[in-house]
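Undergrad: Predicted model and sequence below, questions to follow.
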Number of protein chains: 2
Amino acid sequence: MESVKIRGYEWMSVTIKDVARIAGVSPSTVSRVISGHTRISPQTTKKVKLIMEELGYFPNIMAKSLVSKTTRTLGIILPRPAEELFLNLFFAEIIRGILAQSMRASYDILLTSSFSDKDEIETITKLVKGRRVDGIILLSSRKNDPSIQFLRDQNFPFVLIGRSADYPDVTSVDNDNVQAAYDATNHLIAQGHTNIRFVTGPEEMVVSQDRLAGYKKAMSEANINIAQDWIIEGELLSQSGYRAMSFIMSQQNPPTALVVFDDVAAFGVLRGLTELGIKVPDQIKLVSFNNIAISELASPPISSIDIGTYQLGYSASQTLIRVVQNEPLNAKEMIIPHRLIIRESSMNKVSRV
Amino acid sequence: MESVKIRGYEWMSVTIKDVARIAGVSPSTVSRVISGHTRISPQTTKKVKLIMEELGYFPNIMAKSLVSKTTRTLGIILPRPAEELFLNLFFAEIIRGILAQSMRASYDILLTSSFSDKDEIETITKLVKGRRVDGIILLSSRKNDPSIQFLRDQNFPFVLIGRSADYPDVTSVDNDNVQAAYDATNHLIAQGHTNIRFVTGPEEMVVSQDRLAGYKKAMSEANINIAQDWIIEGELLSQSGYRAMSFIMSQQNPPTALVVFDDVAAFGVLRGLTELGIKVPDQIKLVSFNNIAISELASPPISSIDIGTYQLGYSASQTLIRVVQNEPLNAKEMIIPHRLIIRESSMNKVSRV
DNA sequence: TTGAGTTGTGCCATACGTTGCACAAAATAA
DNA sequence: TTATTTTGTGCAACGTATGGCACAACTCAA
């Protein structure tokens, strides 16, 4: 038990040895008392525990990790342009889920992002080869993601939130986005709409593709022909949705309903429509995805597919911990159920008091 | 360089010793090549680097930390009821700032939350005594925060985002919230409003107190008397603001302007007003705080005090790293400037096309 | 009572992968 | 040759975990 000075800060470093010395036993004995399941007499155990308490002993996690080759830490790799994407409540909500479950299981969370593609591999390398974490949660579902390739090559435990088009056998937690978009679109078709447009997300994200596919499937089954310009390029951020509106609504045959691939984009769309003096849902209906907390507070409240965002993170963490601890998995790919939350933006008759 | 099996996963663990053996030098020599600044002949350096490259060597961070007593990791302690608060984009944005700056400085981020007060101290203890992180960013500014007391007692490097009422001398990054609220209120007073209400946040948060004080100050200076019920209890979450509205607007002498302590709450207020058929800004003006990304997409767009949320996180990280590395600080308390972003919700004449 | 066998208890030595200090060896200069 | 510099090595830490082993105590039979 000695006082150490690190970078100007005074430290009272009490180690297992100090406890041992004062308790009059060997360090190994103290270690065994801590880990429990080994042959130590009750009175020794009691004595050692008392001393630990008294001295305020706390095991050094680095030393522990070094010998156990285990960190009890999970790494989260945020999507590459984290600067922008993290804006979206959606990601915050996923992290919230991961955090809750990890804390419960006594795992720590290392949060990481990167600036470029090359940078991302470097970041991951540091975590993996530096034995910094036990496993990794990948929050990216771009096509041809080099990170997935890398982690597979390294045979390092990881789970993907989302779906990889290229590596179908990776452990992942995702929604059935095709079905979700199919449901959303059908909700509008059921109301008699036919001129339904789809505002899509970044082309390189698998989730965009899936939702687009679901939209197409529903339209096709309803025998509605999708014109070339019915699919509108959007982005995760809202401004683009906003800009797109004036263009779309000025067309010859404007839509009567919209499926927007993300709530934040939907806010932008809504804003754009309001600017144009177009009333939602009276003149045009709107459905979107992710059901972020604030969607119900939009004017009008936005109908959205709740994809269980929190649950997505929660399950990802749960799954990863299972993988890391070498426990059996029920299935490699886990699907979180979704459900359509119908709000004013897609209601036929507005029941206002 | 041997293959190790951990929890079922096969590992190719290449250590500094392997590199040394193959390069025909001692481990210390390799260590020096890595750290650079020591006398090693150019050809040895070259040779060792080549072998490292070939073997894909990467230093074990745990071992490094053990001997250096440094982790190059910062811990973030989310506010206690993290489950709810993290919902708020505001916190996500702060973390984004912390993350960006930390990555830039090659520091990792350990994200942590807790369920109860007692739990929080335990969590922090683990980080501090387990030598898990070099410093801590505290995202809590409640009154009488036991975490602050603890960290001070332990003499552990930390910075507070926000302000501590009890410990004025802690290193912190904050806004001048009194002034911010003063400005917001004056913006309304300047328009001739006198019946201005304040929707406040959780009583135990210092920021709520500060903003309330700023409101009072502005009102007082304008010689406007604040009636008892002009200060409305709100919460960070939006439902409460929503509920409050019907009550307020049904009063005898309804307000013509509102200062709401947070954007998300403002969304709730706005929703409540819309439900009641009250037009913003025609019938009532609205100003709030934090300027979260989505505020400009509300209908109408919400006037908000931009408190430089991202900057708050960025500076906190910067400051903490400086503290941890024992570099001098310009000031213990750092104030991030704010500015009022005027949008439709508080405009006098709506200039709509 | 004694010796052998059995069980319970705790310690020693070693290892994890790295760094840093004191010193050895080699190269160069005087 | 000796002194001096340059370059590299050996060893001891850092704080913890663990297999093997010593030792004491206890049981039981002769």
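TA: Noted; the coordinates are in hand.

Undergrad: ok, the residue nearest to the spatial centre of chain A to A:Gly313 distance?
TA: Residue closest to the mean C-alpha point of chain A, counted by CA atoms, centre = their mean, is A:Ile94 at 3.6 Å. Taken as CB to CB, to the nearest Å, the spacing of A:Ile94 relative to A:Gly313 amounts to 4 Å. Just so you know, the C-beta spots here come from the backbone N, C-alpha and C atoms, and that holds for glycine as well.

Undergrad: can you list residues touching both of the two?
TA: Taking CB atoms under 8 Å, 6 or more residues apart in numbering or on different chains as the contact definition, A:Ile94 and A:Gly313 share the neighbouring residues A:Ile161.

Undergrad: how does chain A divide up, domain by domain?
TA: Domain segmentation of chain A under automatic domain parsing yields A:2-59, A:73-175+A:309-337, A:177-306+A:340-346.

Undergrad: Start and end of the last one, how far apart?
TA: Chord length of domain A:177-306+A:340-346, first to last residue, is 20 Å (CA to CA, to the nearest Å).

Undergrad: So what does the closest residue to A:Ile224 other than its chain neighbours have for phi and psi?
TA: Spatial nearest neighbour of A:Ile224, chain neighbours left out: A:Thr194 (5.1 Å); criterion: CB to CB, 6 or more residues apart in numbering or on different chains. Backbone geometry at A:Thr194, expressed as degrees, to the nearest 10, gives phi -130, psi -30.

Undergrad: wait, doesn't A:Thr194 sit right on A:Asn225?
TA: No - under the criterion of CB atoms under 8 Å, A:Thr194 lies out of contact with A:Asn225, with a separation of 9.1 Å.

Undergrad: neighbour count winner among these two?
TA: Ranked by neighbour count (other CB atoms under 10 Å in any protein chain shown), A:Thr194 and A:Asn225 place A:Thr194 first, with 14 against 8.

Undergrad: Who are the contact partners of that one?
TA: A:Thr194 makes contacts with A:Ala222, A:Ile224, A:Thr256, as judged by CB under 8 Å, 6+ apart.

Undergrad: Any chance of a PyMOL selection covering the buried ones in the residues you listed?
TA: Entered in PyMOL, the line below selects the buried ones among these, by 16 or more other CB atoms under 10 Å in any protein chain shown:
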select buried, chain A and resi 224+256
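
Undergrad: Inside helices: which ones of the contacts of A:Thr194?
TA: Applying DSSP state H to the contacts of A:Thr194, no entry is found in helices.

Undergrad: could the contacts of A:Thr194 go into CSV alongside pLDDT and distance to A:Thr71?
TA: Listed next are the contacts of A:Thr194 as CSV, based on pLDDT from 0 to 100; distance: CB to CB, whole Å:
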residue, pLDDT, distance to A:Thr71
A:Ala222, 96, 52
A:Ile224, 96, 53
A:Thr256, 95, 55
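
Undergrad: Show me where the stretch 251-353 of chain A has its strands.
TA: For the stretch 251-353 of chain A, strands defined by DSSP state E, counting those that start in this stretch occupy the ranges A:257-260, A:285-289, A:303-306, A:333-336, A:339-341.

Undergrad: For the residue in the stretch 101-250 of chain A positioned nearest to DNA strand C, which three-state class applies?
TA: Across the stretch 101-250 of chain A, the shortest distance to DNA strand C (CB to the nearest atom of the strand) belongs to A:Arg131, at 7.6 Å. At A:Arg131 the chain is in coil, as set by DSSP: H, G, I helix; E, B strand; the rest coil.

Undergrad: Tell me who's in contact with it.
TA: A:Ser65, A:Lys69, A:Thr71, B:Asn60, B:Ile61, B:Met62.

Undergrad: Also A:Leu111?
TA: By CB under 8 Å, 6+ apart, the contact set of A:Leu111 is A:Ile76, A:Leu78, A:Ile95, B:Ile76, B:Ile95, B:Leu99, B:Asp108, B:Ile109, B:Leu110, B:Leu111.

Undergrad: Tell me if it really is in a helix.
TA: No - following the definition three-state DSSP, A:Leu111 is strand and is not counted among the residues of a helix.

Undergrad: if I look at it, how far off is B:Leu89?
TA: Taking CB to CB as the criterion, A:Leu111 is separated from B:Leu89 by 17 Å.

Undergrad: Kindly list the main-chain dihedrals of A:Ile137?
TA: When read as degrees, to the nearest 10, the backbone of A:Ile137 gives phi -100, psi 120.

Undergrad: What's opposite it in the beta bridge?
TA: Note on A:Ile137: beta-bridge partners A:Ile76, A:Val159, judged by DSSP bridges.

Undergrad: what's around it, how many residues?
TA: Per other CB under 10 Å, the neighbour tally for A:Ile137 reads 25.

Undergrad: give the contact list for A:Ala222.
TA: A:Ala222 sits next to A:Asn186, A:Ile189, A:Thr194 when contact means CB under 8 Å, 6+ apart.

Undergrad: I'd like the distance between the residue nearest to A:Ile224 and DNA strand D.
TA: Applying CB to the nearest atom of the strand, to the nearest Å, one obtains 66 Å for the distance of A:Thr194 from DNA strand D.

Undergrad: And the pLDDT at that residue?
TA: Listed pLDDT for A:Thr194 reads 95.

Undergrad: got it, and A:Asp134?
TA: Residue-level confidence at A:Asp134 comes out at 96, pLDDT.

Undergrad: now do A:Glu10
TA: With respect to pLDDT, A:Glu10 has a value of 48.

Undergrad: Spell out whether stretch A:314-321 and chain B are in contact.
TA: No - contact check for stretch A:314-321 against chain B, using CB under 8 Å from any CB of the partner chain: none in range, with a minimum separation of 11.4 Å.

Undergrad: Tell me how far A:Leu320 lies from A:Ile161.
TA: In this structure, A:Leu320 lies at 10 Å from A:Ile161, with CB to CB as the measure.

Undergrad: Quickly list what's touching both of those two.
TA: By the contact definition CB under 8 Å, 6+ apart, A:Leu320 and A:Ile161 are jointly contacted by A:Ile137.

Undergrad: still on that earlier bit, now the two most distant members of the contacts of A:Arg131.
TA: Across these, the longest distance by CB to CB is 12.3 Å; it joins A:Lys69 and B:Ile61.

Undergrad: quick one, which of those two is more surrounded?
TA: Counted by other CB under 10 Å, A:Lys69 and B:Ile61 do not tie: B:Ile61 has more neighbours, with 23 against 15.

Undergrad: so how far is B:Tyr57 from the closest residue to the more buried one other than its chain neighbours?
TA: What sits nearest to B:Ile61 in space, not counting adjacent residues and going by CB to CB, 6+ apart, is A:Gly130, at 4.0 Å. In this view, A:Gly130 and B:Tyr57 are 11 Å apart by CB to CB.

Undergrad: the more surrounded of these two?
TA: When neighbours are counted by other CB under 10 Å, A:Gly130 and B:Tyr57 differ, and B:Tyr57 comes out ahead with 21 against 15.

Undergrad: Is that one part of a helix or strand, or is it coil?
TA: From three-state DSSP, the assignment for B:Tyr57 is coil.

Undergrad: lowest-pLDDT helix or strand in chain A?
TA: One helix or strand of chain A scores below all others by mean pLDDT, DSSP states H and E: strand A:2-6, with a mean of 49.

Undergrad: Contact partners for A:Ile292?
TA: Residues touching A:Ile292, when contacts are defined by CB under 8 Å, 6+ apart, comprise A:Asn88, A:Leu89, A:Phe90, A:Glu93, A:Asp263, A:Val264, A:Ser304, A:Thr309.

Undergrad: check the residues you listed against DNA strand D, which are close?
TA: Taking CB under 7 Å from any atom of the strand as the test, DNA strand D is in contact with none of those.

Undergrad: Could you single out the nearest of the residues you listed to DNA strand D?
TA: Comparing those against DNA strand D with CB to the nearest atom of the strand places A:Glu93 closest, at 35.3 Å.
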